[in-house]
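> Task: produce atomic coordinates for the following.
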Amino acid sequence: MFLYLPYNTFLHRLHPATKLIGLILLLVVTVAFTTPAEQLPGLGFVLGLAVLSRSLSNLRRILPLVVTIMLFSSTTWSLFRRVGVPFWSFGPLSLSRESIQYGLAMGIRLDAMLLSGMVFVSCTKVEEFAFGLRALGLPFPVSFALSLAFRLVPLFFTRIGIVVQAQQSRGLDLQTGHLLQRARKYVPLLVPIFIYAIRDTDLLAMALESKGFGMRGTRTEYLRFPFGWRDAAIIAALLAADVIAWSGR
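Just a heads-up that it's a prediction; the model follows:
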């Protein structure tokens, strides 16, 4: 359930704050463009980062979601975005050359954003993410809460898998029947899933309390990440790309 890939690539070795800032600047670049020809280089750049970070295996895991977002976004924007001269219309729906181009651009934009986030989590540990947030000036409770979501979401889905497998081993059939019937079979599983969630939350609260969470004072950091000239060069290059992209609109 965890997406981090333990490779020693160039992106893995970057400062966590550089990864965070780079992700934000990369997302800002994608928002600046509204045509497929402008969005494709950004998507290609993200795929290049995936190759560089050796995270293509994670991208393949979400390939159905990528295709679904592309198809849904392209269809929706193309039918409801009224720009240009439509060559087909039916009630509130219409199609034009400009609306189709805009729909494709929005699909590429959303896919580029999704893949950018996947590359980020593939080369950034949870501890590095929390360190990067604190390096950017966020208070410790805020950075801890955000990084905790990266831990609890995979754990929650792991618990769901354990409960489902345990009930299937006891004879629960989740494969037969139509969609509504199969959905009803999952209802009894909610009780053990929520019990597991409450138990994990209680254990986490006790662990944090035993470690003095919330006490005031100067905190020390176990992890150390040097900020080098490569980090500064990457941030400067992406910032320049943002300025050029938005100034050309």
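> Pull out the buried residues from the strand or helix carrying L59.
Assigned by DSSP states H and E, L59 falls within helix 56-61. Residues 58-59 are the ones in helix 56-61 that count as buried (16 or more other CB atoms under 10 Å). Just so you know, the C-beta spots here come from the backbone N, C-alpha and C atoms, and that holds for glycine as well.
> which strands and helices sit next to the very next helix or strand once past that helix?
Heading C-terminal from helix 56-61, the first helix or strand you meet, by DSSP H and E, is helix 63-80. Counting contacts by 3 or more CB pairs under 8 Å, 6 or more residues apart in numbering; DSSP states H and E, helix 63-80 is packed against strand 93-95, helix 97-122.
> Tell me which other helices or strands the helix holding L59 touches.
Short answer (3+ CB pairs under 8 Å, 6+ apart): helix 56-61 packs on helix 97-122.
> now the helix it packs on: mean pLDDT?
Averaging pLDDT along helix 97-122 gives 90.
> between that helix and helix 63-80, what angle do the directions make?
150 degrees (axes from the mean of the first three to the mean of the last three CA atoms, to 10 degrees).
> Helix 97-122: which residues count as buried?
98-122.
> Packing partners of it?
Counting contacts by 3+ CB pairs under 8 Å, 6+ apart, helix 97-122 is packed against helix 16-31, helix 36-53, helix 56-61, helix 63-80.
> okay, which residue of the chain is out on the far edge from center?
Distance from the C-alpha centroid of the chain, by CA atoms, centre = their mean, peaks at F87 (37.1 Å).
> rewinding a little: could you dump the helices and strands packed on helix 97-122 to a markdown table with distance to Q181 and mean pLDDT?
Formatted as a markdown table, those follow (distance: least, CB to CB, whole Å; pLDDT from 0 to 100):
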| stretch | distance to Q181 | mean pLDDT |
| --- | --- | --- |
| helix 16-31 | 41 | 91 |
| helix 36-53 | 40 | 91 |
| helix 56-61 | 28 | 89 |
| helix 63-80 | 24 | 88 |
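> Out of those, which is the most enclosed?
helix 16-31 (a mean of 19; mean count of other CB atoms under 10 Å).
> Which neighbouring elements make contact with it?
helix 36-53, helix 97-122, helix 126-135, helix 229-247.
> closest to R199 out of those helices?
Shortest distance between R199 and these, using CB to CB, is found for helix 126-135: 21.2 Å.
> quick one, domains of the protein?
16-124+227-247, 138-210 (automatic domain parsing).
> start to end distance for the longest one?
Looking back up the chat, that one is domain 16-124+227-247. In domain 16-124+227-247, first residue to last residue: 28 Å (CA to CA, to the nearest Å).
> any idea how far the top helix by length along the chain is from the chain center?
The longest helix of the chain (DSSP state H) is helix 140-169. Centroid separation between helix 140-169 and its chain, computed with CA atoms, centre = their mean, to the nearest Å, is 16 Å.
> next one: stretch 19-30
With CA atoms, centre = their mean, you get 13 Å for stretch 19-30.
> what does it contact?
For stretch 19-30, the external contacting residues (CB atoms under 8 Å, 6 or more residues apart in numbering) are 11, 14, 39, 42, 45-46, 109, 112-113, 116-117, 120, 123-124, 128-129, 132-133, 136, 234-235, 238-239, 241-242, 245-246.
> Kindly recompute the last result at 6 Å.
42, 109, 112-113, 116, 120, 124, 132, 234-235, 238, 241-242, 245 (CB atoms under 6 Å, 6 or more residues apart in numbering).
> try stretch 214-225
Residues from elsewhere that reach stretch 214-225, judged by CB under 6 Å, 6+ apart: 15-16, 131.
> Fine, thanks again, bye for now.
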